[in-house]
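S.K.: Would you be able to build a 3D model of this:
(4 chains)
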Number of protein chains: 2
Amino acid sequence: MARAGLTAERLTEAGAELADEVGFEHVTVSALARRFDVKVASLYSHLKGSHDLRTRIALLALDELADRVADALAGRAGRDALAAFAHAYRDYAREHPGRYTAARLRLDPEAAARSAGVKHAQMTRAILRGYDLTEPEETHAVRLLGSVFHGYISLEASGGFEHTAVPAEESWAWALDRLDALLRHRPTP
Amino acid sequence: MARAGLTAERLTEAGAELADEVGFEHVTVSALARRFDVKVASLYSHLKGSHDLRTRIALLALDELADRVADALAGRAGRDALAAFAHAYRDYAREHPGRYTAARLRLDPEAAARSAGVKHAQMTRAILRGYDLTEPEETHAVRLLGSVFHGYISLEASGGFEHTAVPAEESWAWALDRLDALLRHRPTP
DNA sequence: CCTGTTTGCCTAAACCCCTTAGGTGGATGC
DNA sequence: GCATCCACCTAAGGGGTTTAGGCAAACAGG
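M.R.: Numbering: from 1, shown residues only, chains lettered A, B, ... in the order given. Got it, this is the predicted structure:
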């Protein structure tokens, strides 16, 4: 009986690929076992179960996304940084829809603690440093940027922009432009 | 053998309640049958299956949400209309998290056609009439508003705002204020 | 009233996914 | 070369989904 050489890491990676192919919600311990030509029970020596698998995929996706964003941000500031951040996010979501969905999984506190979530928040704040905001405005802005990016990607992915002729690309560029302006100018009283 | 008086409508309504209680992803034909004290197979005379059930709940949620927004919008314009729209959306999501998730389900084209989705888009455009934008800017703005609202609600629901002391309420008000300003002022060249 | 039809709910059965308990044999270490 | 370990296996129980076919309550026409 040849050994398949399973490890938690290989299973997680394969699970992430599976997610991109069939959708995160269809990632299943059984499907993963089939992919390795192994019996389902065999995976339980490496994973605690399906919840564990999903969590691991989410952590992988958060890490990958954080790396990409960090690369994109290197050496940029202000509007350039904003655009680089936004594009890194959107590109990742388009290339890896399953992983992106996984990254949005609600994690239990321990998983959240060892996730790259904190790094994401820090990077968003780093962008805003170019716009000199003071608290609590900086937090408001972090939340607004997160909402726009996630909301746009999510609506685009669920087909919400398909019934209008205007290319999604153009609306994205327009939104970034207006967000930059919004952050640059002090509120008008 | 007493009859339970099942209909597709009652099942859909009960499914929506179930979604709010246990989360849309845990709505199951079996759980619904238990709720009516009836065998699972009995539901198949009223529903085509679990996919059909989920779709019906999504359509119900879209209808309810459209009604609420229409009420909120009545007699308002400009910034008032924007705020009313935003609050109607967010309140619905907080009162009915399961239904709100259902409303975001990707519908097949036929279901989408008979959904209230079109009405939602029309109402968003109605708000923007107070800001006199021309195409394609109006479409860009529709998409931006949709992204912010959906993104904010979604991040808030998944706990993304819980690790900072600033109340989510305040950031929401701030975002609406800045969006209003963004829409009122012509882009600076 | 009562008989024939409709229809609402049931049993039975097949199939897929998740999870745990306990076994076996190939790889590894002394 | 023997003991140990661990990677993968079989077995079994518990859900959820879906279809096929049956029975009896509700209903309609004569």
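S.K.: A:G49 contacts A:V40, doesn't it?
M.R.: No - the pair A:G49 and A:V40 does not pass the contact test of CB atoms under 8 Å, sitting 11.0 Å apart. All C-beta spots, glycine's among them, are computed from the backbone N, C-alpha and C.
S.K.: which one is the closest residue to chain B within chain A nearest to, not counting chain neighbours?
M.R.: Residue nearest to chain B within chain A (CB to the nearest CB): A:G151, separated by 2.5 Å. The shortest distance from A:G151 to any residue other than its chain neighbours is 2.5 Å, reached at B:G151 (CB to CB, 6 or more residues apart in numbering or on different chains).
S.K.: Check chain A for its longest helix and report it.
M.R.: Under DSSP state H, the helix in chain A containing the largest number of residues is helix A:50-73.
S.K.: Pull the distance from that helix to the chain's centre.
M.R.: For helix A:50-73, the distance between its averaged C-alpha position and the chain's averaged C-alpha position is 7 Å (CA atoms, centre = their mean, to the nearest Å).
S.K.: before we move on, what about stretch A:26-45?
M.R.: Between the centre of stretch A:26-45 and the centre of its host chain there is 25 Å, according to CA atoms, centre = their mean.
S.K.: now what about it, what contacts it?
M.R.: Contact partners of stretch A:26-45, identified using CB atoms under 8 Å, 6 or more residues apart in numbering or on different chains, comprise A:4, A:6, A:11, A:14-15, A:18-19, A:22, A:47, A:49-50, A:53-54, A:57, A:98.
S.K.: can you tell me if it touches DNA strand D.
M.R.: Yes - Stretch A:26-45 comes into contact with DNA strand D (CB under 7 Å from any atom of the strand), by way of A:38-39, A:41-42, A:44-45.
S.K.: Show me where chain A has its helices.
M.R.: A:8-22, A:29-35, A:50-73, A:78-95, A:97-103, A:109-113, A:117-128, A:137-157, A:168-184.
S.K.: Relative to A:A41, how far out is whichever residue of chain A sits closest to DNA strand C?
M.R.: For chain A and DNA strand C, the shortest gap (CB to the nearest atom of the strand) falls at A:G49, measuring 3.0 Å. Distance, A:G49 to A:A41, using CB to CB, to the nearest Å: 11 Å.
S.K.: Kindly report the same for A:E9.
M.R.: When CB to CB is the yardstick, A:E9 and A:A41 sit 20 Å from each other.
S.K.: more neighbours, A:G49 and A:V40?
M.R.: Neighbour count, other CB atoms under 10 Å in any protein chain shown: between A:G49 and A:V40, A:V40 has more, with 13 against 10.
S.K.: Output the below-cut-off pLDDT ranges for chain A.
M.R.: For chain A, applying pLDDT under 70 flags the ranges A:1-4, A:187-189.
S.K.: tell me which parts of it are close to chain B?
M.R.: If contact is defined as CB under 8 Å from any CB of the partner chain, the residues of chain A in contact with chain B are A:25, A:104, A:106, A:121, A:135-137, A:139-140, A:143-144, A:146-152, A:154-155, A:158-161, A:163-164, A:166, A:168, A:170-171, A:174-175, A:177-178, A:181-182, A:185, A:187-188.
S.K.: Could I have the buried ones of those residues as PyMOL selection syntax?
M.R.: Buried residues among the residues of chain A next to chain B (16 or more other CB atoms under 10 Å in any protein chain shown), as a PyMOL selection:
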select buried, chain A and resi 104+121+137+139+140+143+144+146+147+148+149+150+151+152+154+155+160+161+166+168+171+174+175+177+178+182
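S.K.: and DNA strand D, which of the residues of chain A next to chain B reach it?
M.R.: Among these, none lies close to DNA strand D by the criterion of CB under 7 Å from any atom of the strand.
S.K.: May I have the residues that are in contact with A:A175?
M.R.: Going by CB under 8 Å, 6+ apart, A:A175 touches A:148, A:152, B:140, B:143-144, B:147.
S.K.: among these, which two are most distant?
M.R.: Of all pairs drawn from these, the widest gap by CB to CB lies between A:V148 and B:H140 and measures 12.2 Å.
S.K.: What sits closest to A:L65 if chain neighbours are left out?
M.R.: Counting by CB to CB, 6+ apart, the nearest residue to A:L65 once its immediate chain neighbours are dropped is A:Y92, at 5.3 Å.
S.K.: hmm, I was thinking of A:L11
M.R.: On the basis of CB to CB, 6+ apart, the spatially nearest residue to A:L11 that is not a chain neighbour turns out to be A:H46, at 5.7 Å.
S.K.: what's near enough to touch A:Y131?
M.R.: Taking CB under 8 Å, 6+ apart as the contact definition, A:Y131 lies against A:78, A:141, A:183-184.
S.K.: Alright, I will stop here.
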